[in-house]
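*Asks:* next one to model:
(one chain, ligands or ions: 2)
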Amino acid sequence: MDISVVATHPFNDQKPGTSGLRKQVSHFRSSHYLENFVQSIFDTQTPLRGAELILGGDGRFFNREAVQVILRMAAANDIRKVTVGLGGILSTPAASHLIRKRGAAGGIVLSASHNPGGPNGDFGIKFNVANGGPAPESVTNAIHARSLEITEYRIARAEHVDIDHGGTSTLGDMAVEIVDPVADYADLMESLFDFDAMRTLLQSGAFTMRFDSMHAVTGPYAQEILEHRLGAAAGTVMRPEPLADFGGQHPDPNLTHARELGEVMFGRDAPDFGAASDGDGDRNMILGRGFFVSPSDSLAVLASNAHLIPAYRDGLKGVARSMPTSQAVDAVAVALGIPCYETPTGWKFFGNLLDDGRITLCGEESFGTSSDHVREKDGLWAVLFWLNLLAVRRQSVEEILRDHWIRFGRHYYTRHDYEEIDSSAANALMDRLHSMLPDLQGRDFGSMKVKAADDFSYTDPVDGGVSSGQGLRILFEDGARVVFRLSGTGTQGATLRVYIERHETAPDRLDQDPQAALAALIELAEDLAEIRTRTQKERPDVVT
Ligand code: G1P
Ligand code: ZN
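*Replies:* Ligands and ions are numbered 1, 2, ... in the order given. A predicted model of the protein is given here:
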């Protein structure tokens, strides 16, 4: 095998964010940029030598080229075998499953999740470790440190590898296996849920659903599972063809970006159930007829109904949520008598809790939910969980939520995003708020009193690792909260996220519009942080 050792120089911007390294496509295509980061993975992740690596992505622009580069670099870096999804495709949860199922030493997932794609969009690369989950901070820090001192990378001089036909071939001493990206994942779903009950519901003639794949990776997965295995009507899956530019849209499952699905679900003769997933298939949005389920509520409902699902029949070991996620699931955990962990934003923090058997379910307010079946959030899994629930309870989505609120109270919740703001203005806003924290404690705002105000820090109960600076929290005595943090996944400027929550138990006040129910807190947050003047924006760009 002919191997080139190519001289390179370090880039100073290869620190992975909340979920891998994300940059604009043009940036990734600049000379040596992708290669440097991949070599930094191979240099630091010694368990990969002589072992198997899983490789695939969400099919966005540059996915196929990146697969070819990574295959040739893997061959030059003593990887024994690379298993690739057909066409270079693997959804994030399917990649996680494949790593676990094959006992691979890790995986490389090519995606920028819900960020737009195409030549002018974003690209991303994420390294997952042997448990199938995103690399923990210790690993991403090592990769970053290596990227700052790298001087050369190794790449095989080889022909283009055919990734469009199944089967095994070799690249030098390395084996390359091209596998069906859908089959193993679909089998896993079939092992967790009651497909018979779901089939009966979907074929009863009295139930309809729509699933919006947003021209992203879940199209083939959703068609196989919903339409082929469960017999949902043809056309149940909207926008099923994965496109390199996602049809020019943001593949982000919320009511701003999945507008067409929203129109169907809030229109006349709406289906009973609607859902959508994102670019790489790890997020989910759940809708009933004319009804939006807040992701934090969804996590709580799944936890309190888990015993109705075959895979979770014996109960949950515990649950976890990211800090900004609402406390709805905490209330369920108390009722179930199980622990509830509060982690920083980002899926990587759930890995240790899942591996250590401390939790079964976990989720984030950002439309992410999953369980111990993989080590990533899993969009279709959440949709199937809901479908299984609907098949068993024979109630509407709205009825299930209303029952839940009557039992646990309603955690009114919203997130306001101010996107692409000037980075220095965003940092100044956060610095100022940070300096105000000590004085906020004990302060009264109308009828509300601040109980505590801090910068969230997390100590991992399994490995003792400390992650600080994870978001500014203002906690009120009645349990209400306002949280401020800057996004770690954007590629342009800064994005300020403001998370607002309040618990309501009065039975006659469970039916308000969340923006109205939270109006006083929203105003307080805007004033306190001087959001309008500092971001130069009258209102948030995205409200979820
Ligand atoms: C966002 C979400 C976070 C999620 C991540 C990856 O990160 O807020 O919950 O884990 O995307 O999907 P952020 O941009 O806020 O850093
Ligand atoms: Zn995603």
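*Asks:* need the CA coordinates for the helix of greatest length in the chain. CSV is fine.
*Replies:* Ranked by residue count, the top helix of the chain under DSSP state H comes out as helix 423-440. Output of helix 423-440 as CSV, limited to C-alpha atoms (Å, rounded to 0.1, in the frame of the first residue of the first chain):
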residue,chain,number,x,y,z
SER,A,423,-19.9,37.4,19.4
SER,A,424,-18.3,40.1,21.4
ALA,A,425,-21.8,41.5,22.2
ALA,A,426,-22.9,38.1,23.3
ASN,A,427,-19.9,37.5,25.5
ALA,A,428,-20.3,41.0,27.0
LEU,A,429,-24.0,40.2,27.8
MET,A,430,-23.0,37.0,29.5
ASP,A,431,-20.1,38.5,31.4
ARG,A,432,-22.3,41.2,32.7
LEU,A,433,-25.0,38.7,33.9
HIS,A,434,-22.3,36.6,35.4
SER,A,435,-21.0,39.5,37.5
MET,A,436,-24.6,40.2,38.6
LEU,A,437,-25.2,36.7,40.0
PRO,A,438,-24.1,37.3,43.6
ASP,A,439,-26.4,40.3,44.0
LEU,A,440,-29.4,38.6,42.6
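*Asks:* for the next helix or strand after that helix, which strands pair with it and how are they oriented?
*Replies:* With elements assigned by DSSP states H and E, the helix or strand that comes after helix 423-440 is strand 444-445. Next to strand 444-445 in the sheet, as set by DSSP bridges, lie strand 448-455 (antiparallel).
*Asks:* next, the buried residues of the strand it pairs with.
*Replies:* For strand 448-455, a neighbour-count test (16 or more other Cβ atoms under 10 Å) marks Met448, Val450, Lys451, Ala453, Asp455 as buried. For every residue, glycine as well, the C-beta is placed using N, CA and C.
*Asks:* state the distance from the nearest residue to the first one once chain neighbours are set aside to Tyr412.
*Replies:* Read that as Met448. Spatial nearest neighbour of Met448, chain neighbours left out: Phe476 (4.9 Å); criterion: Cβ to Cβ, 6 or more residues apart in numbering. Phe476 sits 13 Å away from Tyr412, going by Cβ to Cβ, to the nearest Å.
*Asks:* can you check Leu429 too?
*Replies:* For Leu429, the distance to Tyr412 - Cβ to Cβ - is 25 Å.
*Asks:* same deal with Gly167?
*Replies:* Relative to Tyr412, Gly167 is positioned 54 Å away (Cβ to Cβ).
*Asks:* those two: which is more packed in?
*Replies:* More crowded of Gly167 and Tyr412, by other Cβ atoms under 10 Å: Tyr412, with 26 against 9.
*Asks:* residues contacting Asn388?
*Replies:* When contacts are counted by Cβ atoms under 8 Å, 6 or more residues apart in numbering, Asn388 touches Phe193, Asp194, Ala197, Met198, Leu308, Ile309.
*Asks:* so which of those also contact ligand 2?
*Replies:* Among the contacts of Asn388, not one lies near ligand 2 by Cβ under 5 Å from the ion.
*Asks:* could I get the residues you listed in TSV, plus columns for pLDDT?
*Replies:* Formatted as TSV, these follow (pLDDT from 0 to 100):
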residue	pLDDT
Phe193	98
Asp194	98
Ala197	98
Met198	98
Leu308	98
Ile309	98
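*Asks:* what does whichever helix or strand Phe211 is part of rub up against?
*Replies:* If you go by DSSP H and E, Phe211 is part of strand 209-212. With contact meaning Cβ under 8 Å, 6+ apart, strand 209-212 is reached by 202, 218, 222, 226, 232, 236-239, 253, 258, 260-261, 264-265, 271-277, 383, 387.
*Asks:* for stretch 175-191, same thing?
*Replies:* 56, 71, 80-87, 89-91, 93-94, 97-98, 101, 161-170, 220-221, 224-225, 229, 311, 373-374, 380-381, 384.
*Asks:* for it, buried residues please.
*Replies:* Under the neighbour-count criterion of 16+ other Cβ under 10 Å, stretch 175-191 has Ala175, Val176, Ile178, Val179, Pro181, Val182, Asp184, Tyr185, Ala186, Leu188, Met189 buried.
*Asks:* over to stretch 395-404?
*Replies:* Ser396, Val397, Glu398, Ile400, Leu401, Arg402, His404.
*Asks:* gap between Leu202 and ligand 2?
*Replies:* To ligand 2, Leu202 is 26 Å away according to Cβ to the ion, to the nearest Å.
*Asks:* quick revisit: and the contacts of stretch 175-191, which are buried?
*Replies:* Counted by 16+ other Cβ under 10 Å, the contacts of stretch 175-191 give 56, 71, 81-87, 89-91, 93-94, 97-98, 101, 161, 163, 220-221, 224-225, 229, 311, 373-374, 380-381, 384 as buried.
*Asks:* would you map the helices across the stretch 1-150 of the chain?
*Replies:* 25-28, 33-44, 63-75, 92-102, 137-147 (DSSP state H, counting those that start in this stretch).
*Asks:* looking at the ones you listed, which is nearest to ligand 2?
*Replies:* helix 92-102 (6.0 Å; Cβ to the ion).
*Asks:* point out the other helices and strands that that closest one packs with.
*Replies:* Helices and strands touching helix 92-102, by 3 or more Cβ pairs under 8 Å, 6 or more residues apart in numbering; DSSP states H and E, are strand 52-57, strand 81-89, strand 106-110, strand 122-128, helix 183-192, helix 379-393.
*Asks:* can we see that at 10 Å?
*Replies:* Packed against helix 92-102, as judged by 3 or more Cβ pairs under 10 Å, 6 or more residues apart in numbering; DSSP states H and E, are the following elements: strand 52-57, strand 81-89, strand 106-110, strand 122-128, strand 174-179, helix 183-192, helix 218-222, helix 379-393.
*Asks:* between these, which gets nearest to ligand 2?
*Replies:* helix 379-393 (7.8 Å).
*Asks:* next, the angle from the closest one to helix 183-192.
*Replies:* Inter-element angle recorded for helix 379-393 and helix 183-192: 30 degrees (by axes from the mean of the first three to the mean of the last three Cα atoms, to 10 degrees).
*Asks:* quick check, stretch 288-299 touching ligand 1?
*Replies:* No: judged by Cβ under 6 Å from any ligand atom, stretch 288-299 makes no contact with ligand 1; its nearest approach is 9.5 Å.
*Asks:* related to what we said a few turns ago, inside helices: which ones of the contacts of strand 209-212?
*Replies:* In helices, judged by DSSP H, the following of the contacts of strand 209-212 are found: Leu202, Thr218, Ala222, Glu260, Leu261, Val264, Met265, Val383, Leu387.
*Asks:* which one among those residues gets closest to Ile125?
*Replies:* Checking the ones in helices among the contacts of strand 209-212 against Ile125 with Cβ to Cβ, the nearest one is Thr218 at 20.0 Å.
*Asks:* on that earlier part again, average model confidence for the longest helix of the chain?
*Replies:* Mean pLDDT, helix 423-440: 96.
*Asks:* so what's the residue count around whatever residue of the stretch 1-150 of the chain ends up closest to ligand 1?
*Replies:* Proximity of the stretch 1-150 of the chain to ligand 1 (Cβ to the nearest ligand atom) peaks at Thr18, 3.4 Å away. Counted with other Cβ under 10 Å, the neighbours of Thr18 add up to 18.
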